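Engineer: The sequence and its predicted three-dimensional model are supplied below.
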Protein chains: 2
Amino acid sequence: MVSTTEGKILEASLSLFSQKGYDAVTTKEIAHKAGVSEMTLFRHFVCKRKLFEAMYETYIFNPHFKVLFERHMEENLERDIIKICYCYQENMLKNQKIFMTQLRNQDFVSISDTPLSRFPSELKRLLMDYLSKMKKKGCFIADVESWAVNILAYNFGLFMLCLVNKQLISGTGIDNYIADYAKQLSIRSQFPIANGLRTAMEEN
Amino acid sequence: MVSTTEGKILEASLSLFSQKGYDAVTTKEIAHKAGVSEMTLFRHFVCKRKLFEAMYETYIFNPHFKVLFERHMEENLERDIIKICYCYQENMLKNQKIFMTQLRNQDFVSISDTPLSRFPSELKRLLMDYLSKMKKKGCFIADVESWAVNILAYNFGLFMLCLVNKQLISGTGIDNYIADYAKQLSIRSQFPIANGLRTAMEEN
DNA sequence: TATGTATGTTAGTAAATGCTAACACCACGG
DNA sequence: CCGTGGTGTTAGCATTTACTAACATACATA
């Protein structure tokens, strides 16, 4: 719980903007939720837009995937994947509300020019570098890009599933899913890609 | 291209609501985009909210996963997974704009009581039934629930990745990713789950 | 021709909303 | 005791927005 006036206003902003989006929230609403007069809000943040920007700067959490890949990889595929998944999920959890805000305001703060939108491509690159290195070591022989996308998609999807439909995920949390996923990947890594199977989809 | 007045208004609504959310769009804007007077909009749809509902009813596409599982499964894990993935992606693509609208308006049309929010749990159930059947046949021995969630998460994530960050996915489309994914699953299906590997994450 | 139907136009209303001005209150330090 | 800084309150302004009323126009069909 924050005690300063600015802190309370920022907290209320985060909560409301993430729930309803920028346009649907009024300054009066924010002030009320912060337990503060509307006037005070404007005295501190000048205008609604600047309040939004201040809120964004305050609560955005820049992921540190670079450090993860540089310093915490063991070159054990299964254990490394688990770490990557955990780092990803933790990061998304920290940014959850900011992320929701962005989803609800695509045209306001363009989704293609924020830390949150840049980091998937950065992570993909890091993943591909890592997998290439593992491939050279012979730990893994499948397609690097396909895998990087797989890891990204699975993690993103897992996070979104929890967000949109919590009861879909069993009570034990996502730890088990991640452990299973990592195990699955490390087994799959021993096999090359099969071709000629793409005909199944034309039949549908 | 629709030619009727109502059709043009509905089309414009879908486009704008999905881009900006309910509150951020004005009736004037919709009328303009539809090439129609604002008055005409109200004559046809009474009020903004009813226009939104009409738009929703018009464009929602109810997925038919039931038919897929009842009639198109070959009991070949790899080929079946490919079909399921294709059906999922097709369905999400058809509902993409409605889905965006919902993301941007969580509190307006509550996300927990619409066809779009019900279908993931329905699909999970169908997936678990299918996998259980395959397990009985000996085609597969891993954990059923973990797999169902895996398939859901991967597909949801793949869709969201394309939505949020198109250039992340290579030009060849998602067909290759799905084929690789199905192949990976069908190989993994031959192995049980490993335990005692969850320690890797506590170290981070 | 006459009548009805769908649409456009113009003007406007009531409410909401972002934001400002002016003034009062209160606590704290000198 | 006085001044200062942060806050609340009240009133209000300008704009936007959902929505209406009234009238005009074009077109088709009887």
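Structural biologist: Here it is on my side, so go on.
Engineer: Now the residue nearest the centre of chain A: which helix or strand?
Structural biologist: For chain A, A:Met92 is the residue whose C-alpha lies nearest the centre (CA atoms, centre = their mean; 3.3 Å). Secondary structure from DSSP states H and E places A:Met92 in helix A:77-94.
Engineer: close to DNA strand C, is the helix or strand following that helix?
Structural biologist: Reading on from helix A:77-94 to the C-terminus, the next helix or strand found by DSSP H and E is helix A:96-103. No - Helix A:96-103 lies out of reach of DNA strand C by CB under 7 Å from any atom of the strand, never closer than 14.8 Å. Where C-beta positions appear, they are placed from N, C-alpha and C, glycine not excepted.
Engineer: Run the angle between helix A:96-103 and helix A:77-94 for me.
Structural biologist: 70 degrees (axes from the mean of the first three to the mean of the last three CA atoms, to 10 degrees).
Engineer: in helix A:96-103, what's buried?
Structural biologist: A:97-103 (16 or more other CB atoms under 10 Å in any protein chain shown).
Engineer: do the same with stretch A:161-172
Structural biologist: Using 16+ other CB under 10 Å as the test for burial, stretch A:161-172 gives A:161-165, A:168-169.
Engineer: Where helices are concerned, which of those count?
Structural biologist: Taking DSSP state H as the definition of helices, the buried residues of stretch A:161-172 contribute A:161-164.
Engineer: Turn the residues you listed into a markdown table, columns for distance to A:Ile81 and pLDDT.
Structural biologist: Listed next are these as a markdown table, based on distance: CB to CB, whole Å; pLDDT from 0 to 100:
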| residue | distance to A:Ile81 | pLDDT |
| --- | --- | --- |
| A:Leu161 | 19 | 91 |
| A:Cys162 | 19 | 90 |
| A:Leu163 | 22 | 86 |
| A:Val164 | 24 | 82 |
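Engineer: quick one: which of these is nearest chain B?
Structural biologist: For those, the residue nearest chain B by CB to the nearest CB is A:Leu161; the value is 5.5 Å.
Engineer: and chain A, which residues reach DNA strand C?
Structural biologist: Checking chain A against DNA strand C by CB under 7 Å from any atom of the strand, the hits are A:25-28, A:38-39, A:42, A:46-49.
Engineer: Drop anything exposed from those.
Structural biologist: A:25, A:27, A:48.
Engineer: excluding its backbone neighbours, what's nearest the last one?
Structural biologist: Distances taken as CB to CB, 6 or more residues apart in numbering or on different chains place A:Thr27 nearest to A:Lys48, at 5.5 Å, with adjacent residues excluded.
Engineer: Quick one: residues contacting A:Ile98.
Structural biologist: A:14, A:18, A:56, A:59-61, A:116 (CB atoms under 8 Å, 6 or more residues apart in numbering or on different chains).
Engineer: At which residues are the helices of chain A located?
Structural biologist: A:5-20, A:27-34, A:38-45, A:48-59, A:65-71, A:77-94, A:96-103, A:115-136, A:144-164, A:175-188.
Engineer: hang on, the earlier thing: kindly reformat the buried residues of stretch A:161-172 as JSON lines containing distance to B:Ile81.
Structural biologist: Output for these, formatted as JSON lines (distance: CB to CB, whole Å):
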{"residue": "A:Leu161", "distance to B:Ile81": "18"}
{"residue": "A:Cys162", "distance to B:Ile81": "23"}
{"residue": "A:Leu163", "distance to B:Ile81": "25"}
{"residue": "A:Val164", "distance to B:Ile81": "22"}
{"residue": "A:Asn165", "distance to B:Ile81": "21"}
{"residue": "A:Leu168", "distance to B:Ile81": "19"}
{"residue": "A:Ile169", "distance to B:Ile81": "21"}
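Engineer: and which of these is nearest to DNA strand D?
Structural biologist: A:Val164 (26.3 Å; CB to the nearest atom of the strand).
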